[in-house]
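> Attaching a predicted model along with its sequence, questions to come.
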Amino acid sequence: MVWIPGGTFLMGSDNHYPEEAPAHRVTVAGFWMDRHTVTNQEFALFVKKTGYVTVAERDLNAADYPGAKAEMLAPASTVFQQPQRPVALDNPYEWWIYVRGADWLHPRGPGSSVKRQPRHPVVHVAWEDIETYAEWVGKDLPTEAEWEFAARGGLDGATYEWGQDLTPDGRWMANTWQGQFPMKNTGEDGHRGTAPVGCYPPNGYGLVDMTGNVWEWTTDWYQAHTQNAHSCCASENPRGGLRAASIDPSMPDIPIPRRVMKGGSHLCSPNYCRRYRPAARMPQPVDTSTSHLGFRCISRG
């Protein structure tokens, strides 16, 4: 783990996506953070020692998903599938597919495997999965403020974790999408899909892959910055109403709350999702795992 000294920083951004505003000053205490996201190898040890079965490997309870088709309640997870024809960018269902049998061991579904990817970040992990892992390993999970402070690497207010230029001196600094998403990824940075942890330069605190590769879970319920109580440990004991207010208003019959995920992934690109920045944030339902979402742990002790 790497020591993050804590301090006051400018969280969020007024210059990008609206959910990142307003930029505001936040103070966090010092903490230790995993240098890289939890890998397939590390998660496999946890499963071997505990016998844990992830959410994606279980049947879903029909009572939690009124009106859902029976086949949607089988063990499954969400997988990116590159379209073979031009598609509209306003419909993510053109490239996200719910795949039966997709899970952390089989990231693209039956027939795929992570056996040759021990150092890749583990994916297809829902909130319950990462909470259980963190408890087993004796660590904590980061708040959004802790995560963003660490991702900035001491560069307060910079656009990227390494400065102001996306590719300084023509160098790719994170695993992102090169080309026109979702049709063409040139792989100019040497990777398509996830990359082994540590393939890109560390930030100012010595952390790797805080940007790109995979999104990362944080403990905060998804709310506007003005409504969240951003502090060292605010989300461990969230203020009343935060959990309820994090429900997706477009799905009132399915009250699944959402946590904040940070950092962008290998699917982020200039033409679609410019979220390869510390300030970027997105909501993620706690019951949902995907092929581009992982996590890392911290320790406040």
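Looks like it arrived, so ask away.

> Surely Arg119 is in contact with Gln41?
Yes - between Arg119 and Gln41 there is a contact at 6.6 Å, judged by Cβ atoms under 8 Å. Just so you know, the C-beta spots here come from the backbone N, C-alpha and C atoms, and that holds for glycine as well.

> OK, contacts around Gly7?
Thr27, Val28, Phe149 (Cβ atoms under 8 Å, 6 or more residues apart in numbering).

> These in helices, which ones?
Members of those lying in helices (criterion: DSSP state H): Phe149.

> Can you list the low-confidence ranges for the stretch 201-301 of the chain?
Filtered on pLDDT under 70, the stretch 201-301 of the chain yields the residue ranges 227-240.

> 90 - rerun?
Scanning the stretch 201-301 of the chain for pLDDT under 90 picks out 225-245, 248-255, 301.

> which residues in it form helices?
Listed in chain order, the helices of the stretch 201-301 of the chain (DSSP state H, counting those that start in this stretch) span residues 242-245.

> ok so, going back, which of the contacts of Gly7 ranks first by neighbour count?
Of all those, the highest neighbour tally under other Cβ atoms under 10 Å goes to Phe149, namely 30 neighbours.

> does the nearest residue to Ser112 once chain neighbours are set aside sit in a helix, a strand or a coil?
Excluding its sequence neighbours, the residue lying closest to Ser112 (Cβ to Cβ, 6 or more residues apart in numbering) is His106, at 5.0 Å. Following DSSP: H, G, I helix; E, B strand; the rest coil, His106 is assigned to coil.

> Run a quick neighbour tally on His106.
Neighbours of His106 (other Cβ under 10 Å): 19.

> Point me to the helix or strand that includes Leu45.
helix 40-50 (DSSP states H and E).

> Can you check the pLDDT for the residue nearest to Ser112?
In this model, His106 is scored at 98, pLDDT.

> list the contacts for it?
Ser112, Ser113, Val114 are the contacts of His106 under Cβ under 8 Å, 6+ apart.

> Ranking by neighbours, what's the top pick from these?
That'd be Val114 among those, by other Cβ under 10 Å, with 21 neighbours.

> my read: it touches Leu105, true?
Yes - contact status for Val114 versus Leu105: in contact at 6.0 Å, counting by Cβ under 8 Å.

> Not counting its neighbours along the chain, what's nearest Trp177?
Per Cβ to Cβ, 6+ apart, closest to Trp177 is Ser269, 3.7 Å.

> Same question for Pro75.
Glu57 (5.1 Å).
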